[in-house]
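Participant: Here's a sequence, model it:
(2 chains)
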Number of protein chains: 2
Amino acid sequence: MTTRTDCLALDAQDLLAPLRARFDLPQGVIYLDGNSLGARPTTALARAQDVIAREWGQDLIRSWNTAGWFDLPKRLGDRLAPLIGARAGEVVITDSTSLNLFKALAAALNMQAEGPPASAARRTIVTERANFPTDIYMAEGLAAWLARGYSVRLVDRVDALPAAIDADCAVLMLTHVNYRTGYQHDMAQLTALAHAQGALTLWDLAHSAGAVPLDLHAAGADLAVGCTYKYLNGGPGAPAFIWVPKHHQAAFCQPLAGWWGHRAPFAMAPGFAAAEGIGRALCGTQPIVSLALVECGLEVFEETDMEAIRAKSLALTDLFIELVEARCGAHRLDLVTPRAHARRGSQVSFTHPHGYAVIAALIARGVIGDYREPAIMRFGFTPLYTSFADVWDAVEILRAVLDDKAYDVDASRGAVT
Amino acid sequence: MTTRTDCLALDAQDLLAPLRARFDLPQGVIYLDGNSLGARPTTALARAQDVIAREWGQDLIRSWNTAGWFDLPKRLGDRLAPLIGARAGEVVITDSTSLNLFKALAAALNMQAEGPPASAARRTIVTERANFPTDIYMAEGLAAWLARGYSVRLVDRVDALPAAIDADCAVLMLTHVNYRTGYQHDMAQLTALAHAQGALTLWDLAHSAGAVPLDLHAAGADLAVGCTYKYLNGGPGAPAFIWVPKHHQAAFCQPLAGWWGHRAPFAMAPGFAAAEGIGRALCGTQPIVSLALVECGLEVFEETDMEAIRAKSLALTDLFIELVEARCGAHRLDLVTPRAHARRGSQVSFTHPHGYAVIAALIARGVIGDYREPAIMRFGFTPLYTSFADVWDAVEILRAVLDDKAYDVDASRGAVT
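Facilitator: Numbering: from 1, shown residues only, chains lettered A, B, ... in the order given. Purely as a prediction, here's the structure:
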């Protein structure tokens, strides 16, 4: 079995290890929740100070031009693009993932409605019942309001997806890596299945961007959205991203068409004319301070690459699974994350009958994972700042909590996020 | 005529004058653009540092609970409420003004559609052609996508509004203070007219909140949205607000129904159930750093009241009009802002044939106003940090620019925001 000494040796060889210094992490904490909120890049404080004191305080309104605030969604989108296999001019960072999903789904339905007559009858949005709930809510909200007979089909099992993608499917809308289980879909295969049926694909990359290598173009994906505050370390609630490939931009039409998506916003014309290019995915004025901090997270990725990150991610999650099964094998833990590398994101989830209480006990001991209904203990592994020794130490604390039953099964359930 | 000595005397008597120290303003600048981007409260830097270094960096994911991030939209909404005549539990700060307008308008149309049969045929959204364009874009986007025969009626003159509010009007959607002219609508009167016709009213308070006293309940308004980064000094692109009075909350239903608007977001149920109360106006995760800074702006208002702010605002705008007309009377300036106090917001706009070039020249000399098509020079007056001497000095610089023709009529038009 792997020992702590082995882990220290792995850390000594780890080419990503120096990047941990790029993050401000609290003493005495093993942070395994970067899949919910990424750690703080050290540069974020100085960047915020510059945006607030100089750009806002001193340059005031002029900063829309001189500090490039207007272009920030596009400039940061271009910087994020290589991480997901997108090209320059295809990504903007803006609004929330929920809102971007709404835009992308509306645009996809519109593309289908304006497609050939044979496809005009398509009225189904196919997704998983296990998808992150807000994606389902937004799809159902859109379907209900369009009042054209659209409906959302919730598929219960991954292996039932192919059959659900039928001739009535307008859009296959999936989260690439499941937030609860860490299951990673085969994007290329599902996209090919969807295209064979005349459907478009919309991918939520919330748990993928910065976590696993992505090549949206190679996979043939149609549209994508995602989150910057998880593996991309953009800051709490940082604006999300939306990807519209060049070949879909002309047809990208959606109802949240505000002035930032206008061709000439300062002409102040009463009629909407969508910007050419990715700008049409914007809506209103963006929260500049939060948006600017996204850059601090993206900068760190430019010092490595997603292949190196993926190799370490798999090594970390393999190690975690190995150690938990070896050291906590007597307890009622069930692995819900796929063992197959190709199907695994950058997290590991185990169920435990008292999962909520165990997570609370771990957090009290400085091991921060999180809990998701039902009974799932979720541990995220961020190769940029998580070491092999962290994994060993976290499992040792988990073992002690379980062996000692050092958790309060009657603990009231506050929100453990 | 008022002299600079008179202005200094007015400043000496001004009870609001000490509040200027609550803002960080650059040396050598007279800032008359708080109607576009409010100045930076001095506390914003320390607040940002605390949110970034401690709440994000040290407490990480726990801050959703321990720092109250989840409740921030409501907590700040309650703090803003008194400035607009709203009550606790009726306002949230979230998303952008454009998006909040979309939510409110969708909800209003839904209320009308579910109203008595006689009103089910209402299909018109009445607004002004001179409204801020994004409001019109969002309304047209919604109307087009609903595909139920809704249309937006653009009224060309304020005095034509009463006739346009007819039996087909579902919603009267107006910006209370016009962004270009500074014209202030009579909210109570127009709301009464709308109600008499069975229409609901939706008010955009972007240029009103923090600028003029507002009493939404006394006016009988139905819904409102607004901006925190202008007169409320919340920071560049800070999240906007939406007001839904208690008596409309149960019927407030809108398509941007994300997990933050869910009754039990962490139950992770696949079906949407709207939160009770104002929470249902939320959608996705909010940009916490930008959101938190809104509090720094709101704090300053708690040291005074809107009546005192309004009295000084009218004195400042009266003075500006008087001095411009007296000292720049030989030039081709036309006042477009109402002289009548009741119809004036907290800005003064003049047209000039070379308005764009004149504004550029003023900015180069440290007087920051802004330009809006067509030919409008716009000057905002923020009583919290603008002095009477500022007004005198700004007019003197304007006079010199005009007398000396010290502006470049061929200047290329970058975005002067």
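
Participant: Now do the helices in the stretch 301-417 of chain A.
Facilitator: Ranges of helices in the stretch 301-417 of chain A, per DSSP state H, counting those that start in this stretch, are A:306-327, A:355-364, A:388-403.

Participant: again, but for chain A
Facilitator: For chain A, helices defined by DSSP state H occupy the ranges A:4-13, A:44-49, A:63-66, A:72-84, A:97-113, A:133-146, A:161-164, A:187-196, A:216-219, A:246-249, A:288-301, A:306-327, A:355-364, A:388-403.

Participant: Can I get those in CSV including distance to B:Phe381, mean neighbour count and mean pLDDT?
Facilitator: Every residue, glycine included, has its C-beta placed from N, CA and C. Converted to CSV, the helices of chain A look like this (distance: least, C-beta to C-beta, whole Å; neighbours: other C-beta atoms under 10 Å in any protein chain shown; pLDDT from 0 to 100):
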stretch, distance to B:Phe381, mean neighbour count, mean pLDDT
helix A:4-13, 60, 14, 98
helix A:44-49, 29, 19, 98
helix A:63-66, 21, 17, 95
helix A:72-84, 29, 22, 98
helix A:97-113, 34, 25, 96
helix A:133-146, 41, 24, 94
helix A:161-164, 60, 16, 98
helix A:187-196, 55, 17, 98
helix A:216-219, 49, 18, 98
helix A:246-249, 42, 15, 98
helix A:288-301, 24, 25, 98
helix A:306-327, 52, 19, 98
helix A:355-364, 51, 22, 96
helix A:388-403, 56, 21, 98
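
Participant: hmm, back to that, what's the closest of the helices of the stretch 301-417 of chain A to chain B?
Facilitator: Proximity to chain B (C-beta to the nearest C-beta) singles out helix A:355-364 among the helices of the stretch 301-417 of chain A, at 7.4 Å.

Participant: confidence score at A:Glu373?
Facilitator: With respect to pLDDT, A:Glu373 scores 86.

Participant: If you could redo that for A:Phe241, that was the one I meant.
Facilitator: With respect to pLDDT, A:Phe241 scores 98.

Participant: Check the spacing between it and chain B real quick.
Facilitator: 13 Å (C-beta to the nearest C-beta, to the nearest Å).

Participant: For beta bridges, what are the partners of that residue?
Facilitator: A:Ile93, A:Gly226 (DSSP bridges).

Participant: mind listing what it touches?
Facilitator: A:Phe241 is in contact with A:77, A:80, A:91-94, A:100, A:209, A:225-228, counting by C-beta atoms under 8 Å, 6 or more residues apart in numbering or on different chains.

Participant: can we see that at 6 Å?
Facilitator: By C-beta atoms under 6 Å, 6 or more residues apart in numbering or on different chains, A:Phe241 lies in contact with A:80, A:91, A:93, A:226.

Participant: Redo those residues as CSV? Include distance to A:Leu15.
Facilitator: Formatted as CSV, these follow (distance: C-beta to C-beta, whole Å):
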residue, distance to A:Leu15
A:Leu80, 23
A:Val91, 27
A:Ile93, 28
A:Gly226, 26
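
Participant: Save the helices of chain A as CSV, and put in distance to B:Thr317 too.
Facilitator: Putting the helices of chain A into CSV (distance: least, C-beta to C-beta, whole Å) gives the following:
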stretch, distance to B:Thr317
helix A:4-13, 65
helix A:44-49, 35
helix A:63-66, 25
helix A:72-84, 33
helix A:97-113, 37
helix A:133-146, 42
helix A:161-164, 63
helix A:187-196, 58
helix A:216-219, 53
helix A:246-249, 45
helix A:288-301, 28
helix A:306-327, 56
helix A:355-364, 55
helix A:388-403, 61
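
Participant: And the residue nearest to the spatial centre of chain A, how far from chain B?
Facilitator: Centroid-nearest residue in chain A: A:Ala206, 1.4 Å away (criterion: C-alpha atoms, centre = their mean). According to C-beta to the nearest C-beta, A:Ala206 and chain B sit 10 Å apart.

Participant: May I have the residues that are in contact with the nearest residue to that residue once chain neighbours are set aside?
Facilitator: Among residues not flanking A:Ala206 along the chain, A:Cys227 sits closest, at 4.1 Å (C-beta to C-beta, 6 or more residues apart in numbering or on different chains). Counting by C-beta under 6 Å, 6+ apart, A:Cys227 touches A:97, A:206, A:240.

Participant: Grab the nearest non-local neighbour of the first one.
Facilitator: To tie it back to what came earlier, the one meant is A:Thr97. Nearest one to A:Thr97, counting by C-beta to C-beta, 6+ apart, is A:Ala240 at 4.1 Å.

Participant: Check whether the one you found really touches A:Ser98, as I assumed.
Facilitator: No: A:Ala240 is not in contact with A:Ser98 according to C-beta atoms under 6 Å; the separation is 8.1 Å.

Participant: hey, what's in contact with both of the two?
Facilitator: By C-beta under 6 Å, 6+ apart, no residue touches both A:Ala240 and A:Ser98.

Participant: Count the residues that sit near the closest residue in space to A:His176 that isn't next to it in sequence.
Facilitator: Among residues not flanking A:His176 along the chain, A:Ser208 sits closest, at 4.4 Å (C-beta to C-beta, 6+ apart). Look at A:Ser208: counted by other C-beta atoms under 10 Å in any protein chain shown, it has 26 neighbours.

Participant: what do you get for the one 4 residues further on?
Facilitator: Around A:Val212 sit 22 other residues, with neighbours defined as other C-beta under 10 Å.

Participant: do the same with A:Ile278
Facilitator: 27.

Participant: Tell me who's in contact with it.
Facilitator: A:Ile278 sits in contact with A:89-90, A:92, A:244, where contact means C-beta under 6 Å, 6+ apart.

Participant: just the residues you listed now: which is nearest chain B?
Facilitator: Among the contacts of A:Ile278, A:Val92 lies closest to chain B (C-beta to the nearest C-beta), at 13.9 Å.

Participant: Pretty sure the closest one sits against A:Asp71.
Facilitator: No: using C-beta under 6 Å as the test, A:Val92 is too far from A:Asp71 to be in contact (10.0 Å).

Participant: Neighbour count for the two, which is higher?
Facilitator: Between A:Val92 and A:Asp71, counted using other C-beta under 10 Å, the more crowded position is A:Val92 (30 against 14).

Participant: residues of the lengthiest strand in chain A that come out buried?
Facilitator: Using DSSP state E, we find that the single longest strand of chain A is strand A:169-175. Judged by neighbour count (16 or more other C-beta atoms under 10 Å in any protein chain shown), strand A:169-175 contains these buried residues: A:169-175.

Participant: Identify the farthest-apart pair in those.
Facilitator: A:Ala170 and A:Thr175 (18.0 Å; C-beta to C-beta).
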